[in-house]
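Peer 1: whatever this is, show me its structure:
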Amino acid sequence: MPLVDKLQALSRNLWWCWDADARALWQSIDDWRWARTNNNPVALLADTPASRFEELGANETFGRQLDAVWERFQEYRQTPGWCAEGAPGLRGKLVGYFSMEFGLHQALHLYSGGLGVLAGDHMKSASDLGIPMVGVSLLYHSGYFRQFMDEYRQVPAYPRADFDRLPIRRAQTNGSPLTIAIPYGAGAIEADVWLMDVGRNMLVLLDTDLDANPPEHRALTSQLYGGDQETRIAQEVLLGIGGVRALRALGLKPDVFHLNEGHCAFVTLQLIAEHLAAGGSKSTALAHVRSQCVFTTHTPVPAGHDRFHWELVDQALGPWRAHLGLKEGSLMDLGRVRRGDVDESMCMTVLALRSSQACNGVSKLHGEISRDMWKEMWPGAAAEDVPIGHITNGVHPTTWMAPQAQRMFDEHCPGWREAPWDPTIWAPAADIGDEVLWSLRADLRRELVSTIGRRTGRRLDPDALTIGFARRFATYKRGNLVFSDVERLEALLDQGAQLVFAGKAHPKDLPAQKVLADVVRMSDRRRFRHRVVFLEDYDIALGGLLTRGSDLWLNNPRRPREASGTSGQKVVLNGGLNLSILDGWWPEGFDGTNGFAIGDERHFDSVEAQDAFDLEALYTALETEVLPEWCARDVHGRPAAWLERVRRCILTCAPLFTSHRMVRDYALTMYAPACTEPGAP
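Peer 2: Below is the predicted model:
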């Protein structure tokens, strides 16, 4: 196959975005254009002149590099993966995985934050493990916003994607673009169907920006989490009902439908409609749907669950409900805790819970919170008996692990790529020498500091303890907590520490934007200017840079508001440590020897009391544990106790918190049973 044809074929499958050698191949074509195109090989190839390909064709080194990547890609696609032997219940089956967002790569504007990145990692691990899966979402033209800071004010921008420069393609039927119709109000929304190859699997995306649609329907695939309640319900109808219809139009028949958060719950209504159309009775419809669906909830706060009033639901779906022969109020009751209560709105989480045979939270603590939150749906049951389990989130290893760390683990822990959930594979990490670990950390920290210098002109210290904080700037995450006592913080920074921040606040969340402004303002103070930095326009690429380069990851949400969190798990895979509130995944990971905890599990009714307690615990941990251990150097100038803690972190956390382990758990405990066992009515 000619060189350009191989490159074009490689560029069209997102496998390259989690393979370090493939990424290095693209960069070697033109490192300036690679950066300029946001690491997007489709755009890179479009912009590279023919003369450069002639040069590459004559370059034997590049030819060998391309052949090696090409052969590994072909082998990857042709081998079955873990699922063939590890999950025999899924042989010949198909999982449909629905999510409002997918964070697969920074060039694809299909995600906003943690939920989307988790869904992207889920898809990647399903591919790596050979689990047959098709993802379903919306194809946003602008997606979530790009962030620019005008002094201390966040300014959102919504650049429009050029689909011709992305690794996506139109679905075809009889040589024409595949278009489907989704019932909405008195008419229908039309949507084109697009496809994206994700390793061994595929993502199906719906686009409503069509001439046949009125402006309000064309705008449904413009922005992610934009608009009002009417926009939101229309997007969720499009995702759920439209997503199932798109799969059917493609000839795909999932054996199990995985609803990733309540946004997807309208999937169940389309399945009910199909059951009725096939001659099934109304009395058996719900049991039939339950036998096919599983549900993951991500929200530990009641106010965070989507709810729609009767008028809005009736406006959107009333005519379709009547067409199906269902009585008025029947759809509403599926999403009500108290059926028949006309004052209760439809909750998408309730709809998903009632229509799924299995449900899980995303950490052990979140499972407990969810069982207590929704116990009213099972009258008389104790909270511990509510049928909501947990599968703790994890991160995709080769996406988030630096190439240097991958090479280190290849040498010391062979087998980690295939079965990272196996603790015996990670056991040899106990023997990784201080020199090796310290060299890794120095390399990754200097990469971060160098990039910060190029982006901002700030001169951070390449040898200082680098503390990272990067996430969505919701108020409960308390991004500005560490600045509450400036004098005390300055004393800590004087001992050889520095802080790097990144994150976005939702454009409509004014309190969160104030927290963000506080952080940016503090980073601009003269006394902090070269010890505290805020990096604007947080995305997957910046998240990877920060989680690789930070020695210590700071996480201080108000417990128990963090359902899981995954950013700190990425740090683990790069030899970093966590300093965190005991919330989300960290209570399962922390054992006293493998990182640092902020305070304990005490919870105060008063926000002010909780913040005061956690602030004191944060400063105390930094002053009495973190900085002393970092600063205590042996005869070689290395912090031996710190590096022993790093080894303990790898041994205890690496087997538990990858998305390979997570998806394997889904396959064995939720997907396979849903493919073989009928759901309870």
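
Peer 1: ramachandran coordinates for Val500?
Peer 2: Listed backbone geometry of Val500 is phi -130, psi 120, with angles given as degrees, to the nearest 10.

Peer 1: quick one: residues contacting it.
Peer 2: Contact partners of Val500, counting by C-beta atoms under 8 Å, 6 or more residues apart in numbering, are 448, 452, 460, 466-470, 532-533, 535, 546, 549-550. All C-beta spots, glycine's among them, are computed from the backbone N, C-alpha and C.

Peer 1: endpoint to endpoint, stretch 149-160 covers what distance?
Peer 2: With C-alpha to C-alpha, to the nearest Å as the measure, the ends of stretch 149-160 fall 20 Å from one another.

Peer 1: for it, what is the average pLDDT?
Peer 2: Averaged across stretch 149-160, the pLDDT comes to 96.

Peer 1: same question, stretch 594-609
Peer 2: Within the predicted structure, the mean pLDDT of stretch 594-609 is 94.

Peer 1: with stretch 631-647 instead?
Peer 2: Along stretch 631-647, the predicted confidence averages to a pLDDT of 98.

Peer 1: other residues contacting it?
Peer 2: When contacts are taken as C-beta under 8 Å, 6+ apart, the neighbours of stretch 631-647 outside the stretch itself are 429-430, 432, 434-435, 437-438, 441, 495-496, 575-577, 593-595, 629-630.

Peer 1: then stretch 372-381?
Peer 2: Contacts to stretch 372-381, defined as C-beta under 8 Å, 6+ apart, come from residues 300, 302, 337-338, 349-350, 353-354, 382-383, 385-388.

Peer 1: got the CA coordinates for stretch 27-38 in CSV?
Peer 2: Included here for stretch 27-38 are C-alpha records, laid out as CSV according to Å, rounded to 0.1, in the frame of the first residue of the first chain:
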residue,chain,number,x,y,z
GLN,A,27,4.6,14.4,15.0
SER,A,28,7.6,13.3,12.9
ILE,A,29,5.8,14.4,9.7
ASP,A,30,5.7,18.0,10.8
ASP,A,31,5.9,18.8,14.4
TRP,A,32,4.8,22.5,13.9
ARG,A,33,1.7,21.5,11.9
TRP,A,34,1.0,18.6,14.4
ALA,A,35,0.8,21.2,17.1
ARG,A,36,-1.0,23.7,14.9
THR,A,37,-3.8,21.2,14.1
ASN,A,38,-4.3,20.3,17.7
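
Peer 1: show me which residues of that stretch are buried.
Peer 2: Within stretch 27-38, the residues that qualify as buried are 27, 29-30, 33-34, 37, counting by 16 or more other C-beta atoms under 10 Å.

Peer 1: what's the closest of those to Thr268?
Peer 2: Each of the buried residues of stretch 27-38 was scored against Thr268 by C-beta to C-beta, and Thr37 proved nearest at 40.0 Å.

Peer 1: looking at this, Gly380 is in a strand?
Peer 2: No. Residue assignment for Gly380, taken from DSSP: H, G, I helix; E, B strand; the rest coil, gives coil, which places it outside any strand.

Peer 1: can you list phi and psi of it for me?
Peer 2: In this entry, Gly380 is assigned phi and psi values of phi 90, psi -10 (degrees, to the nearest 10).

Peer 1: can you start the count at 40 instead of 1 from here on
Peer 2: With 40 as the first residue, the last one maps to Gly419.

Peer 1: only whichever of the contacts of stretch 670-686 are buried, select them in PyMOL.
Peer 2: The following PyMOL selection, which keeps only the buried ones among those, applies the criterion 16+ other C-beta under 10 Å:
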select buried, resi 468+471+473+476+477+480+614+615+616+633+634+668+669
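
Peer 1: any of the contacts of stretch 411-420 buried? List them.
Peer 2: For the contacts of stretch 411-420, a burial check counting by 16+ other C-beta under 10 Å picks out 339, 388-389, 392-393, 425, 427.

Peer 1: ok, back up a step: just flag the most distant two among the contacts of stretch 411-420.
Peer 2: Pairwise distances across these (C-beta to C-beta) peak at 22.0 Å, for the pair Pro339 and Arg377.

Peer 1: which residue, other than its chain neighbours, is closest to the most centrally placed residue in the chain?
Peer 2: Using C-alpha atoms, centre = their mean, the residue of the chain that lies closest to the mean C-alpha position is Val156, 1.8 Å off. Sequence neighbours aside, Gly142 is the residue nearest to Val156 in space, at 3.6 Å (criterion: C-beta to C-beta, 6 or more residues apart in numbering).

Peer 1: so that neighbour makes contact with Tyr150?
Peer 2: Yes. If you go by C-beta atoms under 8 Å, Gly142 and Tyr150 touch, sitting 3.4 Å apart.

Peer 1: between those two, what contacts are shared?
Peer 2: 156, 158-159, 579.

Peer 1: ok, these vs His642, which is closest?
Peer 2: Proximity to His642 was ranked across those by C-beta to C-beta; first place goes to Val156, at 27.9 Å.

Peer 1: quick one: secondary structure of the closest one?
Peer 2: Secondary structure of Val156, reduced to three states by three-state DSSP: helix.

Peer 1: is it true that it touches Ile579?
Peer 2: Yes. If you go by C-beta under 8 Å, Val156 and Ile579 touch, sitting 6.7 Å apart.

Peer 1: between those two, what contacts are shared?
Peer 2: Taking C-beta under 8 Å, 6+ apart as the contact rule, the neighbours common to Val156 and Ile579 are 142, 150.

Peer 1: could you chop this structure up by domain?
Peer 2: The chain resolves into domains spanning 42-117, 122-432+702-715, 436-691 when parsed by automatic domain parsing.

Peer 1: what's the single longest helix in this structure?
Peer 2: Secondary structure of the chain per DSSP state H: the longest helix is helix 473-495.

Peer 1: can you give me the helices in the stretch 390-539 of the chain?
Peer 2: With helices called from DSSP state H, counting those that start in this stretch, the stretch 390-539 of the chain shows them at 403-412, 436-439, 442-451, 462-465, 473-495, 525-532.

Peer 1: for the stretch 540-689 of the chain, same thing?
Peer 2: Going by DSSP H, counting those that start in this stretch, the stretch 540-689 of the chain shows helices at 549-562, 579-588, 606-611, 625-628, 646-660, 666-670, 679-692.

Peer 1: residues near the closest residue to Ala556 other than its chain neighbours, how many?
Peer 2: Counting by C-beta to C-beta, 6+ apart, Tyr191 is the residue found nearest to Ala556 once chain neighbours are left out, at 4.2 Å. Neighbourhood size, Tyr191 [other C-beta atoms under 10 Å]: 17.

Peer 1: again with the one 5 residues further on
Peer 2: A total of 10 residues lie near Ala196 under the criterion other C-beta under 10 Å.

Peer 1: with Arg510 instead?
Peer 2: Around Arg510 there are 24 other residues, counting by other C-beta under 10 Å.

Peer 1: isn't it right up against Phe540?
Peer 2: No. Here Arg510 does not reach Phe540: they are 9.6 Å apart, not a contact under C-beta under 8 Å.

Peer 1: who touches both of these two?
Peer 2: Gly518.

Peer 1: picking that back up, would you turn the buried residues of stretch 66-77 into TSV with pLDDT and secondary structure?
Peer 2: Compiled in TSV, those are given as follows (pLDDT from 0 to 100; DSSP: H, G, I helix; E, B strand; the rest coil):
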residue	pLDDT	secondary structure
Gln66	98	helix
Ile68	98	helix
Asp69	97	coil
Arg72	97	helix
Trp73	98	helix
Thr76	97	coil
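
Peer 1: considering those residues, which is situated nearest to Phe448?
Peer 2: So of the buried residues of stretch 66-77, ranked by how close each gets to Phe448 (C-beta to C-beta), first place is Gln66, at 22.0 Å.

Peer 1: ok, the nearest residue to Glu575 once chain neighbours are set aside to Ala556 distance?
Peer 2: Distances taken as C-beta to C-beta, 6+ apart put Met188 closest to Glu575, at 4.9 Å, once the chain neighbours are dropped. Shown here: Met188 relative to Ala556, a distance of 9 Å by C-beta to C-beta, to the nearest Å.
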